[in-house]
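Below: sequence and its predicted model.
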Amino acid sequence: MAEMKNAALDTLLNVLKTSGADAWEVTDKTEKGWEFYFIRHALDQHRAKDIRSFGVKVYKKFDDCLGSARAEVPADASEKEMRGIVEGLCKDASYVRNPAYTLNKPAAGGAPAAEAEKIDLEAISGDFIRTLASVPETATEDLNSYEIFVSAVSRRFLNSEGIDVSDVYPSSMVEAVVNARRDGHEIELYRLFKSGTCSREQLTQDLTEALTYGRDKLVTSATPNLGKADVVFSTDPARELYNYFIDRLAADMVFRGMSDWKIGDAVAPENMTVEAVKTLPNSSKNTVWDAEGAPIRDLTLIDRGKAAAYWGSRQFSQYLGLESSFAASNFSVSGGTESAADLRTGDYLEVVEFSDFQTDAITGDIAGEIRLGYLHQGGKVTPVSGGSVSGNVRELLSGFRFSKETRQYDSLLIPAVTRIQGVTVTGA
Amino acid sequence: MNAPFSSYLTGIAPGLKELIGLLRKRYDYVSVLSTDSTGFSVSISQRAKSVSRETIATERGTVVRVYRNGLYAEAAFTGFDPANVQETCDKITGELDAQLRLLSAAGVKPYETGILPDEARTVFAEMETGRLPEEEDISSLVDRLSAVSDKGMEQGQAEGLRLIDCMVRASSTHVCKMFLTENQDLRQSYVFSEGMCAGLVAGEERTDFAYTSLSGRKGPELFDNMEDRIPKITKIAKDLVSAERVEPGEYDVITAPDVTGLIAHEAFGHGVEMDMFVKGRALGADYIGKRVGSDLVTMHEGALCAVDVTSYAFDDEGTPAGDVTEIDKGILRGGICDALSALRLGVKPTGNGKREKFSHKVYTRMTNTMFDSGTSTLDEMIASIQKGYLLEGMQSGMEDPKHWGIQCILDRGYEIIDGKLTGKVVSPLVMTGYVPDLLGSVSMVSTDREVFGSGACGKGHKEWVKVADGGPYLKAKARLG
């Protein structure tokens, strides 16, 4: 079987080398996955998958221009079919001529070595199943349903410049729906957790928190119309706030004019530092190299409030004058000087559940309907729901404060508590 | 012309039927879904151009569903080899048996479900299309879309806009799916296309994104007149750069057809997906036969109730496409349902069992979700409002089927004072509310209606599939922030 697998790749490589393409890239990706779906704690169904694909990109050079086109070549394609696809890509690539750029070359000192890791789908799946079966439910707060996805992803990347690297990593996801009920009324909260493998302690802690929020959502009052207010973000939606800073330094956003941030500009609170980091504990994105074969490394993107570096794909990074860049996958935000407790003083609205909190990376607009918030006014705490928060990150920067304590959401490590002054709160 | 069915799928069909036969020795029910969908995506802007032979729906692979002892299981794989069917069979059973051993050791009990029916049926549907994506002249398409982008820039500048870029995207997919069981042989082939034209415009203090979209169960001929979109893009860009913030509060509003579609999708699209009934996750289950909107509200859902990106002949479980009346004159009549959920609820499936790709599980999913038309004109609706907004441009939405909260993030609100549009624009807008209140407040419905299929829908925050929605203009009361 392994020989057959390699034979298919060898055939594809031979087709590419004889296709007339001036350059090419191939990603041979296999995902083996186990999935388990539960209603309450009864098994709805179980699934297995073994998916292999060849991601192919070909390039054609024209004076100072470069054209490219990509396709997914089926794993069971015949040589004739492969040749037809690749010939088509060569034609397609000649129709879209962009300013020239070069492909990544093998890293100095040899290719980065992937850890030879054997990923045990059965063991990881078992950890998840047992963890979710033992979440501390009560008579009034429990799990409605949950889905467990465990994958072992193996990738091999090759290009015409001589790169030939591979890595293997685990990638897991749990979707859970929490119910809480009181006096005949029932509500639900939704959670989607991503990670490398199962962290029993973290998953239990996160679901316990959700059960608590579910209980509180049952006793909410309507959110009053607060006009401009201090709003605290301390749960998953806070990721959206920090993704704004990360996205606006992505090379394609900058090159396309969707972000006007220049290196050295003051773009964030002056104590904020944002870094692309090679790994985070148990992240589902702890890969050794990016989709174009560039080694993943640590890189400071925002240094104490000032834009320090762009990040992203080879094409757009080179257009911005960067010789060496990469598409980062893990990020860390630090620099908070206040404690979470200090940020939770005075009057404020802490929103822990939104319908769908969003930040628009182009405009900076933020918006979300409140599903559960805690209104702190005059020393009194009132659970509230309904209504919405809205505003614009750019306009709110002067009142943007964040804690020194941090919290990790898979591939993003951010301040545990963020407080923003002057957010518009529309009542229910 | 008709979209021809995949020769690849035709070629592997005998091997897959052999696989079904082998698996039937161990399982009480076996079905196979195989897909072979191809297409292209072209993206053009002043700054970068790209071509890909991938779209949201391109794929090739197979998923096998089996049933035994009250429990369903699936195995999805690529690279089916008709010459090694026994090897494939052994691999599937070996993997699923290993999972069962783990589940048994963990003390997991199954959610007992009955067996799916398998009545003899044959379908061979090659649907009409103007052109095929695999035969499209990409060189010519790139030239035409580039001309649209250039013209958009020229017109924007002529009208005094600081247009940073004009982006044009076009994608077209030729979908081929084959559903096989011991007694069924269903094959379908159709083409859908979708496009987008957008302007990135700089205002005094912010950059905005003005866009329009188009879609249809059509071939690449959909993109033949994309330059017609430019005047609309220019107008939207002008509106956005002059927009002010809305004063939060409750207003009389008129929702344009795209916003109407978003409400349909979020309110009683997700709200009546009946796999949520099985889990007790939807309030709708308790409201069948009860009032959830005004007399003017009638809503349909189904692959047959409009012709757009997801108007297929059968769903991913082999159930024929349907047309469900979800709300009839304000009364909730029923929901949409995949085949397994239908078994569990004791109802008939409605043709709404869909997968993101062959490698994903089936869920109950929307197809075309539409409000019916009414009897008013848009002018009459505007004239009836003392102070309010005409809402246009949907960005995103989210629902809470358990609590009937709804969130719609919208692009623009056009102020109406004393029955007339004032020319003042507010943006962006977050519209929130309680679904029965929102639908209960519908007091006028326009005679016309449109369908929009350029978006994708997630189940929770995953499982993205193509959907379409729309309807007429609706007059209602809504909270804006």
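Great, that's in hand.

ok, and residue A:69, which helix or strand is that part of?
strand A:65-74 (DSSP states H and E).

so what does that strand touch, helix or strand wise?
strand A:42-62, helix A:79-95, strand A:97-99, strand B:49-52 (3 or more Cβ pairs under 8 Å, 6 or more residues apart in numbering or on different chains; DSSP states H and E). For the C-beta atoms, the positions are set from N, CA and C on the backbone; glycine is no exception.

Residues in contact with the helix or strand following the last one: which ones?
The one in question is strand B:49-52. Next in sequence after strand B:49-52, counting helices and strands by DSSP H and E, comes strand B:59-68. Contacts to strand B:59-68, defined as Cβ atoms under 8 Å, 6 or more residues apart in numbering or on different chains, come from residues A:51, A:74, A:76, B:8, B:16, B:19, B:23, B:26-37, B:72-78, B:80, B:92, B:96, B:115-116, B:355, B:357-359.

Okay, now the sheet partners of strand B:59-68, with direction.
strand B:29-44 (antiparallel), strand B:71-77 (antiparallel) (DSSP bridges).

Pull out the buried positions in it.
B:59, B:60, B:61, B:62, B:63, B:64, B:65, B:66, B:67 (16 or more other Cβ atoms under 10 Å in any protein chain shown).

wait, what's in contact with the nearest residue to the fifth one once chain neighbours are set aside?
Computed as Cβ to Cβ, 6 or more residues apart in numbering or on different chains, the closest residue to residue B:63 that is not its neighbour in sequence is residue B:76, at 4.2 Å. Under the criterion of Cβ under 8 Å, 6+ apart, the contact list for residue B:76 reads A:47, A:48, A:49, A:50, A:51, B:61, B:62, B:63, B:64, B:358, B:359, B:360.

What about residue 169, how many residues nearby?
Because you didn't say which chain, this covers chain A. 21 (other Cβ atoms under 10 Å in any protein chain shown).

think we crossed wires, I meant chain B
Residue B:169 has 21 nearby residues by other Cβ under 10 Å.

Pairing partners for the host helix or strand of it, with directions?
Per DSSP H and E, residue B:169 falls inside strand B:162-181. In the sheet, strand B:162-181 lines up against strand B:29-44 (antiparallel), strand B:184-202 (antiparallel) (DSSP bridges).

Tabulate those (CSV), appending mean neighbour count and mean pLDDT.
Below are these laid out as CSV (neighbours: other Cβ atoms under 10 Å in any protein chain shown; pLDDT from 0 to 100):
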stretch, mean neighbour count, mean pLDDT
strand B:29-44, 23, 98
strand B:184-202, 23, 97
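
secondary structure element for residue B:424?
strand B:420-426.

What average pLDDT does that strand get?
On average, the pLDDT along strand B:420-426 is 97.

buried sites along that strand?
B:425, B:426.

What of stretch A:248-265?
A:248-259, A:261.

Say whether chain B is contacted by that stretch.
Yes: contact check for stretch A:248-265 against chain B, using Cβ under 8 Å from any Cβ of the partner chain: residues in range are A:252, A:255, A:256, A:257, A:258, A:260.

what's the closest of these to chain B?
Nearest to chain B among these, counting by Cβ to the nearest Cβ, is residue A:257 at 3.9 Å.

The nearest residue in space to that closest one that is not next to it in sequence: how many residues sit nearby?
Nearest residue to residue A:257, sequence neighbours excluded (Cβ to Cβ, 6+ apart): residue B:164, at 3.9 Å. If you count neighbours by other Cβ under 10 Å, residue B:164 ends up with 22.

Does residue B:164 touch residue B:202 like I think?
Yes: here residue B:164 reaches residue B:202: they are 5.8 Å apart, a contact under Cβ atoms under 8 Å.
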